[in-house]
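Participant: Task: produce atomic coordinates for the following.
(one chain, ligands or ions: 1)
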Amino acid sequence: MCGIIARIGHDDATETLLSGLENLEYRGYDSAGIAVQNGSGVKVRKCSGEVDDLKSSLEHQLHGNIGIGHTRWSTHGPPTDENAHPHTDTAGDVAVVHNGVIDNYDELRAELCERGHEFDSDTDTEVIPHLIDEYRATADDTEHAVRQAVETLEGSYAIAAIVDGEERVYAARNGSPLVLGLDDEEWFLASDVPAFLDYTDEVIYLEDGDLVVLEPDSYRITDADGTPVDRPVDTVDWDPEDAGKGEYDHYMLKEIHTQPTALSNTIEGRVEDGAVAFDALPSGTFTDVETVQFVACGTSYHAAMYGAQLLRSAGVRTEVVRASEYETMAGPVDDDTLVVAVTQSGETADTLQAVRTATERGARSLAVTNVVGSTAAREADDAIYIRAGPEVGVAATKTFSSQAVTLALLTQRIAADVPTATPLADSETMLESLADLPEHVETVIETTDAEALAREFHNSDSYFFIGNGLGHSVALEGALKFKEITYEHAEGFAAGELKHGPLALVTPETPVFAVATGDDGKTKTNAIEAQARGAPIVAVCPDDHPLADAADTHLSIPETHPVWAGLLANVQLQLVSYHAADLLDRPIDKPRNLAKSVTVE
Ligand code: M6R
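Facilitator: Residues are numbered from 1 along each chain as shown. Sure thing, here's the model as predicted:
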């Protein structure tokens, strides 16, 4: 939540900061602001609203070769101009942008006020420039003042600061992501790589405790003890094109349409001679595993359900726990427990906390993530990547598909090692048919009737999604997507649960989307029960599934192995949600109150 960027070079930074902020808006879009340092003081422009609003408010362009920027998802204080970042000290000499939460800001603010500091906002962040300013009076130099300031903070932060009269950017991280981008002529710091991917793919993922000083021709990193450190330089293999909207009206539509490519990348090199191989997980990695706990939130939780069901059917003791409930809901853990954190961003606070708790309890950990260098990837004992490429739309689409496929493969890998497991009887057929999945997704996208269906139903009272087995996780995911971007009431249920309560809500104005994948006994029966109460039934299944004939409307998916059928059904549901949201004129890529990367608990 919140995106920060900093840039230092020899030419003007303003355009770079603004375009970087646009690429970070998926992290929050309540307000935006930049500050530049141009030899005549630190200049700040900020406002509530999106980066576009900031651009329009820049009547007189700011100029400066050094600058910082911020796009906000509000935690402390409403989304007003005053609460927008950057924040400054009383004299306006130090400007700071921050992603994270400062837990001890109340007491720090009270102490600073007593010493004469004046505050303008409700934010926790504002204490930081005041602290830096105060320490500058006694410290050897600003770098030491920044270090003292961050040592005073409790909580999580990635910060970047500029100071009047100094050709430098200071930055520090603890618990919030921060990446350094290295170009020939300029340096960047940002919450995520897409902020500067147009300029460079050479990056350094900073560690907690790192403090960075950027100058126009050099950078210096010191660790928490103040010792200079060399962090490895990585090359990011994302194409700048991947991070843009291209010919599409929305990122979400682009990301739905690029699923065939994303899935091909996910699969590439991981199935050989009828067996699954992950470079990072050689044979024997899981021999000692007795229990697997999947932890995740939102869409990733639904993908985790998918993987958990497959692993369970291979005879491995498996739990899937909502990360935010891990503390109280997870079963016992010991050193034979593997906790698998499923997280697109690798930065979701609830998921990270669940892994930390499991680790303290003695589990080993594996991160399944999309983002190389993310906190989950760095903190877990092992990491594998879903290779979906950057996802910018707040609604997760291609990453769900890539997560589910990665997890399906992972379950095969685990089952091959665990002595008591019984790999799926038809795993060879399943793995063979995986090769066709990208093409089948392409077929769904090319032939879908989702837009017409959305037109027919987009004014309904409520929307229900049902499925059982693997279809259950798809039903939950379909409902989450629908409510998230249409703002209409939508709920997903295990098909058999309808009659235990939700059926009371069913009317002719509540379409029921029934997902059938081929291994589901009850879904048709349960759908017909809803139909008998007047609900229009939309079957999402292969043409020859009995549900297709029984339903009022049918969204067709190609014939495939039942393990992959749910993912094709999910693409149909993604498209229904997208078109319904479009007809309702919703801000599809930036739904209200949400952010893509949820870095607060
Ligand atoms: O980055 P993560 O996968 O950990 O994010 C988890 C959820 O916040 C995320 O999947 C959220 O539910 C999506 N925006 C839903 O489309």
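
Participant: Now Leu453: phi and psi?
Facilitator: Phi and psi for Leu453, reported as degrees, to the nearest 10, are phi -70, psi -40.

Participant: Can you report how many residues neighbour it?
Facilitator: Applying other Cβ atoms under 10 Å, we find 21 residues neighbouring Leu453. From N, CA and C alone the C-beta is placed, and that goes for glycine too.

Participant: Quick check, pLDDT for it.
Facilitator: Looking at Leu453, its pLDDT reads 97.

Participant: residues contacting it?
Facilitator: Counting by Cβ atoms under 8 Å, 6 or more residues apart in numbering, Leu453 touches Val538, Thr553, Leu555, Val576, His579.

Participant: Isn't Gln309 up against Gly467?
Facilitator: No: the pair Gln309 / Gly467 is not scored as a contact, 11.7 Å apart, by Cβ atoms under 8 Å.

Participant: okay, those two: which has more neighbours?
Facilitator: Using other Cβ under 10 Å, the more surrounded residue of Gln309 and Gly467 is Gly467, with 31 against 20.

Participant: doesn't Ala475 make contact with the more buried one?
Facilitator: Yes: contact criterion Cβ under 8 Å: Gly467 and Ala475 qualify, at 3.8 Å.

Participant: any common contacting residues for those two?
Facilitator: Listed contacts common to Gly467 and Ala475 are Gly492, Ala494, Ala495, Val515; contacts here mean Cβ under 8 Å, 6+ apart.

Participant: Identify the residues contacting the second one.
Facilitator: Think Ala494. Ile466, Gly467, Asn468, His472, Ala475.

Participant: Can you verify Tyr219 is assigned to a strand?
Facilitator: Yes: assigned with DSSP: H, G, I helix; E, B strand; the rest coil, Tyr219 falls within a strand.

Participant: okay, now it: neighbour count?
Facilitator: 17.

Participant: distance of the residue lying closest to it once chain neighbours are set aside from His500?
Facilitator: Setting aside the residues directly before and after it, Tyr219 is nearest to Trp187 in space (Cβ to Cβ, 6 or more residues apart in numbering), at 5.4 Å. Per Cβ to Cβ, to the nearest Å, Trp187 is found 58 Å from His500.

Participant: which of these two has more neighbours?
Facilitator: The residue with more neighbours, out of Trp187 and His500, is Trp187; 23 against 9, by other Cβ under 10 Å.

Participant: State the helix or strand in which the more buried one lies.
Facilitator: Remark: Trp187 resides in strand 186-190, with elements defined by DSSP states H and E.

Participant: which residues make contact with the helix or strand following that strand from outside it?
Facilitator: For strand 186-190, the following helix or strand on the C-terminal side (DSSP H and E) is strand 202-205. Applying Cβ under 8 Å, 6+ apart, the external contacts of strand 202-205 come out as 179-183, 193, 221, 231-236, 372-373, 378.

Participant: So which of those residues are in strands?
Facilitator: Val179, Leu180, Gly181, Leu182, Ile221, Asp234, Thr235 (DSSP state E).

Participant: follow-up on the earlier one: so which of the contacts of Ala494 is the closest to Asp436?
Facilitator: Asp436 has its nearest neighbour among the contacts of Ala494 in Gly467, at 21.9 Å by Cβ to Cβ.
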